[in-house]
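Engineer: Sharing a model prediction with you, sequence too.
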Amino acid sequence: MAVLNDEQVMLRDMAREWADNESPVTAFRKLRNAAPSQGYDPEAWNAIAQMGWAGVVVPEEHGGSAFGYLSLGLVVEQLGRNLAVSPLASIGPAATAIEMGSDEGAKSAWLPKIAAGEVIATLAVDEGPHHDPFNLKTSVAGGKLTGTKAFVAEGDGAGVFVVAAQDGLYLVAEGEGVARATRKMADARSHAEIRFENAPAVKLGGPELTAAVVDRATALVCAEMLGMAEAAFHQTNDYLKTRVQFGQPLSTFQALQHRMAKMFTELELMRSAVEAALEAIDAKRSDLDQAVSLAKAIASDTLKLVSREMVQLHGGIGMTDEHDAGFYMKRSAVLEAMWGNAAYHRERFARLNGY
């Protein structure tokens, strides 16, 4: 496990307390039923922004706190426990793309707004159902970008897009040449197809910047998956301790104890891998791409296991919409595919190691 400093402990505990008190799973259920056009609750987002979480990875000179990706990952993890709906995991990497980019005007124009929560920024990378950031048709000519991005997370409410093209990353603001169409996904979160037609674009960097930013987005998805897996495990464990069958608690059955023990050990491994990836980003380690792929492969397998066991071990009630288990399983399926599934990252990890 990562060794946290005092600020990180305070940030983690604050995020946990806020999520438990202000954004429990019941809040997600209510939001799902209401289906707001932007895909999130503006009041909840305003509270998150006021606590400074939108600027955790934004430099101080642009209104952020520059606490780093481990700190942001701690917040995303705590929100993930309760399935709290927030564009935070998309905003972080988009802000980093602008900060790492070469355009100073984009930094001064957008980073303070992002840090203050005044604008939602997101990444628009993949063009098909599978993650493939370097096989793109999106192109730029004369400062105008043209292409279509499928299933852009937070695409419904985003005001600025960091778009991957054939020759690198570009910044595109909503408006001229930008059209969006909502895509309904199993997790009931914001996903949109974004069409760019000669949209004014500012170049941030080349393909190497695309790779760096995608790694950061992947690591934050892993942090959300970690929070979800922890919550699903503990809810299932509590249920087995209280549910009585044949005159004794389910937790006394050895076969179920073995299943819970397996999940517990996998969760410990998952936490180590995810926190190692976030630390690698903050330390600017040369092997951070390997750390991220290792984390995503483990996180995908583990959350898939835990979310499905949550449904199965809750029995019939776990299959109903009235229970929360299905929410975890559906969100798990989407996050497993986002930024590459376990098979993609195992292959990438092997390739990075020369195999």
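Structural biologist: That came through, no problem.

Engineer: Paired strands for the helix or strand of the chain with the lowest mean pLDDT, with orientation please.
Structural biologist: Ranked by mean pLDDT, DSSP states H and E, the helix or strand of the chain with the weakest confidence is strand 244-245, at a mean of 89. Sheet pairing of strand 244-245 (DSSP bridges) gives strand 248-249 (antiparallel).

Engineer: Mean confidence (pLDDT) on the strand it pairs with, please.
Structural biologist: The pLDDT scores in strand 248-249 average 92.

Engineer: Helices of this protein, residue ranges please.
Structural biologist: Here the chain has its helices, by DSSP state H, at 6-22, 25-34, 42-50, 69-81, 88-100, 104-115, 207-242, 254-282, 288-313, 325-337, 342-352.

Engineer: so which of the ones you listed gets nearest Leu136?
Structural biologist: Across the helices of the chain, Leu136 has its closest neighbour in helix 207-242 (9.0 Å, C-beta to C-beta). Quick note: C-beta positions are derived from backbone N, CA and C, even for glycine.

Engineer: Give the buried residues for that closest one.
Structural biologist: Within helix 207-242, the residues that count as buried by 16 or more other C-beta atoms under 10 Å are 207, 209-210, 212-233, 235-236, 239-240.

Engineer: same thing with stretch 282-302?
Structural biologist: For stretch 282-302, a neighbour-count test (16+ other C-beta under 10 Å) marks 282, 288-302 as buried.

Engineer: What is the most widely separated pair among those residues?
Structural biologist: Asp282 and Asp301 (24.9 Å).

Engineer: in the stretch 201-350 of the chain, which ranges drop under the pLDDT threshold?
Structural biologist: Judged against pLDDT under 70, the stretch 201-350 of the chain has no low-scoring part.

Engineer: Nearest the geometric middle of the protein, what residue?
Structural biologist: Val221 (3.1 Å; C-alpha atoms, centre = their mean).

Engineer: Now Tyr239: closest residue in space, sequence neighbours ignored.
Structural biologist: Closest residue in space to Tyr239, ignoring its immediate chain neighbours: His314 at 5.9 Å, by C-beta to C-beta, 6 or more residues apart in numbering.

Engineer: List phi and psi for that neighbour.
Structural biologist: For His314, the backbone dihedrals are phi -80, psi -10 (criterion: degrees, to the nearest 10).
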